[in-house]
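>>> build me a model:
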Amino acid sequence: MIPGTSLESSIRAAELSRSHSGVYAAAGVHPNELNTETPDCTDYITEILLNPGVVAVGETGLDLYHDRIPLERQLECFRKHIIMAEAFGLTLIVHSRNAEREVLDTLPESLSVPVIMHCYTGPDDIAMEAASRGYYIGFAGPVTFRRNSRLRDLAGSLPVERILIETDSPYLSPEPVRGRRNEPSNVRFIADTISKIWDRNYEDTTEILFRNSLKALQLSNARRTDLAYRLFGNIYMNITGKCNNNCRFCIKNITDGIEGYYLKHHEEPGRERLEAIIGLLKPDMGNELVFCGFGEPTMRPELLRNLAEKASEKGFSVRLDTNGTCLERLSFEETAELLVPFDSVSVSLNASSREEYNRICRPEEATAWDSMMNFIELARKTASLRLTAVRYPGLDMGSVMELAESLNLPFRARG
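I've put the predicted structure just below:
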């Protein structure tokens with residue numbers, strides 16, 4: 001995990017996560033990196049959060065040890081980081097120095113994302129309260145210092161499943177390399193100290209700590225779903241995992257995501273989170289805002305229209321990627337109303353006949369082909385419309401292209 005502490009370091013951390021397997025990043029502005037002249041940090045950090053390797057927001061928080069930044073300014077930015085973390089479902093990495101009480105008072109008790117109290121050296125009672133809320137307590141080099149028995153006692157009194165280890169490189173080198181420039185490999189010295197505190201062998205200790213870190217950062221079996229992601233210069237909104245087709249070529253049959261993004265839904269995302277994401281995004285972050293994702297967006301029509309309206313009001317060019325069968329569930333009037341906020345619509349044609357469509361796309365309803373053709377005629381009256389098809393063994397792509405041409409609509413073969 002490479003946390004950002006400024007806009008520049010957050011960008012570099014995101015770049016490293018893209019170029020190195022197993023490396024993840026956090027994006028945020030450290031309280032000591034703020035100043036009263038700095039523009040709103042959330043605009044810049046939000047865009048970095050769209051990178052696939054960024055799994056956390058931070059380092060953020062409060063610092064009353066260095067009398068550099070007014071507390072009001074720190075609190076303002078800390079609260080914005082909390083909003084970003086909750087909206088994107090990202091882990092929050094918190095710095096607290098001489099401000100542990102203020103940090104806990106600022107964090108909502110009902111926070112929906114994991115919280116890491118990073119490089120903790122604060123009071124024991126605050127650590128216990130944080131752990132009781134389900135937060136993770138990160139121990140770095142200071143837990144190994146010879147005269148820091150208080151911190152080792154604290155590590156021994158906390159629940160095992162709440163403890164993480166870290167280095168805070170390049171600072172706070174642990175014993176026995178204290179005084180030298182710190183580096184990530186020195187985490188082994190901290191692990192050794194924790195194994196002695198727990199009176200467990202080193203292998204068992206590191207296995208527990210590794211599992212804790214995966215859970216804290218929502219990786220492996222605890223992987224979080226990316227509800228917004230950036231590809232081809234566009235921002236895509238992943239608002240549902242439901243679909244009324246079972247296409248043979250569907251990417252969900254092959255993988256849980258694309259280009260490093262995890263798009264599989266464990267549950268349907270809530271309206272508030274999706275609205276919060278739209279609220280944080282800015283039109284200059286992508287050419288289009290596309291409703292697509294890992295399901296059929298028209299399965300949630302009221303939500304889809306609401307989000308598209310909000311995006312359009314913010315100045316986005318808004319596109320709908322759909323299988324075009326929503327007339328199976330909606331009336332013509334409801335469908336026409338649904339399409340109002342969209343500048344463009346892309347329909348997955350994927351066949352040249354009803355029989356071919358039923359064989360390849362395996363829709364829930366036998367009338368899906370007719371619904372799609374009716375939708376195409378309706379959509380072309382309200383938005384810029386194009387048709388697409390996925391290359392698939394047995395599909396007569398030439399016939400599909402001829403059908404698109406007969407409908408006098410642009411066509412693109414995909415995949």
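
>>> residues contacting the residue nearest to residue 81 when sequence neighbours are not counted?
When the adjacent residues along the chain are set aside, residue 81 lies closest to residue 60, with 3.9 Å between them (CB to CB, 6 or more residues apart in numbering). Using the backbone N, CA and C atoms, a C-beta is placed for each residue, glycine as well. Shown here is residue 60, whose contacts under the criterion CB atoms under 8 Å, 6 or more residues apart in numbering are 28-31, 77-78, 81-82, 92-95.

>>> could you list the domains of the chain?
According to automatic domain parsing, the chain is divided into the following domains: 2-221, 228-414.

>>> switch those domains over to CSV; also include mean pLDDT.
Formatted as CSV, the domains of the chain follow (pLDDT from 0 to 100):
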stretch, mean pLDDT
domain 2-221, 95
domain 228-414, 96
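
>>> just the strands from the stretch 51-200 of the chain, written as ranges.
The residue ranges that make up the strands of the stretch 51-200 of the chain, judged by DSSP state E, counting those that start in this stretch, are 54-63, 91-97, 115-117, 136-139, 163-165.

>>> will you turn those into JSON lines that also has distance to residue 156?
Conversion of the strands of the stretch 51-200 of the chain to JSON lines gives the following (distance: least, CB to CB, whole Å):
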{"stretch": "strand 54-63", "distance to residue 156": "25"}
{"stretch": "strand 91-97", "distance to residue 156": "21"}
{"stretch": "strand 115-117", "distance to residue 156": "17"}
{"stretch": "strand 136-139", "distance to residue 156": "11"}
{"stretch": "strand 163-165", "distance to residue 156": "10"}
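
>>> now do the end-to-end distance for stretch 196-210.
The first residue of stretch 196-210 is 17 Å away from its last residue (CA to CA, to the nearest Å).

>>> stretch 159-167 now?
Length of stretch 159-167, first residue to last, CA to CA: 21 Å.

>>> check stretch 180-195 too.
23 Å.

>>> now the longest helix seen in the chain: buried residues?
Here the longest helix in the chain is taken by residue count, with DSSP state H as the criterion, and it is helix 71-88. For helix 71-88, burial by neighbour count (16 or more other CB atoms under 10 Å) applies to 74-75, 77-78, 80-82, 84-88.

>>> can you list the buried residues in the one helix or strand residue 17 maps to?
Per DSSP states H and E, residue 17 falls inside helix 7-19. Neighbour-count burial for helix 7-19, counted by 16+ other CB under 10 Å, picks out 7, 9-11, 13-14, 17.

>>> stretch 392-406 too?
Of the residues in stretch 392-406, those buried by neighbour count under the rule 16+ other CB under 10 Å are 395, 400-401, 403-404.

>>> as CSV, these with distance to residue 206 and secondary structure would be great.
Formatted as CSV, the entries for the buried residues of stretch 392-406 read as follows, by distance: CB to CB, whole Å; DSSP: H, G, I helix; E, B strand; the rest coil:
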residue, distance to residue 206, secondary structure
395, 50, coil
400, 54, helix
401, 57, helix
403, 59, helix
404, 57, helix
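
>>> and which of the residues you listed is nearest residue 253?
Nearest to residue 253 among these, counting by CB to CB, is residue 395 at 15.8 Å.

>>> got JSON lines for the buried residues of helix 7-19, with distance to residue 100 too?
JSON lines is the format used below for those (distance: CB to CB, whole Å):
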{"residue": "7", "distance to residue 100": "26"}
{"residue": "9", "distance to residue 100": "24"}
{"residue": "10", "distance to residue 100": "24"}
{"residue": "11", "distance to residue 100": "29"}
{"residue": "13", "distance to residue 100": "25"}
{"residue": "14", "distance to residue 100": "29"}
{"residue": "17", "distance to residue 100": "29"}
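
>>> how far away is the closest residue to residue 51 other than its chain neighbours from residue 8?
Spatial nearest neighbour of residue 51, excluding adjacent residues (CB to CB, 6+ apart): residue 14 at 4.3 Å. When distance is defined by CB to CB, to the nearest Å, residue 14 is 11 Å away from residue 8.

>>> all helices for the stretch 251-400 of the chain, in order.
Read by DSSP state H, counting those that start in this stretch, the stretch 251-400 of the chain holds these helices, from start to end of the chain: 271-280, 301-313, 332-339, 354-361, 368-379, 397-406.

>>> chain center to the second one, what's the gap?
I take that to be helix 301-313. Relative to its parent chain, helix 301-313 has a centroid offset of 20 Å by CA atoms, centre = their mean, to the nearest Å.

>>> and stretch 90-104, by the same measure?
A distance of 21 Å separates the centroid of the chain from that of stretch 90-104, by CA atoms, centre = their mean.

>>> end-to-end on that stretch?
In stretch 90-104, first residue to last residue: 18 Å (CA to CA).

>>> tell me which residues in that stretch are buried?
Along stretch 90-104, the positions that meet the burial threshold by neighbour count (16+ other CB under 10 Å) are 90-97, 99-104.

>>> just send these back as a markdown table, with distance to residue 216 too.
Listed next are the buried residues of stretch 90-104 as a markdown table, based on distance: CB to CB, whole Å:
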| residue | distance to residue 216 |
| --- | --- |
| 90 | 12 |
| 91 | 6 |
| 92 | 10 |
| 93 | 9 |
| 94 | 12 |
| 95 | 16 |
| 96 | 16 |
| 97 | 21 |
| 99 | 21 |
| 100 | 19 |
| 101 | 22 |
| 102 | 22 |
| 103 | 17 |
| 104 | 18 |
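
>>> which of the residues you listed sit farthest apart?
90 and 101 (24.6 Å).

>>> if we can go back for a sec, of all the contacts of residue 60, which two lie farthest apart?
Greatest spatial distance among these (CB to CB): 30 and 82, at 14.9 Å.

>>> tally of neighbours for residue 235?
Look at residue 235: counted by other CB atoms under 10 Å, it has 23 neighbours.

>>> so it: helix, strand or coil?
Here residue 235 takes the strand state, with states given by DSSP: H, G, I helix; E, B strand; the rest coil.

>>> residue 292 is in contact with that one, correct?
No - counting by CB atoms under 8 Å, residue 235 sits too far from residue 292 to count as a contact (10.3 Å).

>>> and the helices of the stretch 251-400 of the chain as JSON lines, adding distance to residue 252?
Compiled in JSON lines, these are given as follows (distance: least, CB to CB, whole Å):
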{"stretch": "helix 271-280", "distance to residue 252": "20"}
{"stretch": "helix 301-313", "distance to residue 252": "19"}
{"stretch": "helix 332-339", "distance to residue 252": "24"}
{"stretch": "helix 354-361", "distance to residue 252": "13"}
{"stretch": "helix 368-379", "distance to residue 252": "18"}
{"stretch": "helix 397-406", "distance to residue 252": "22"}
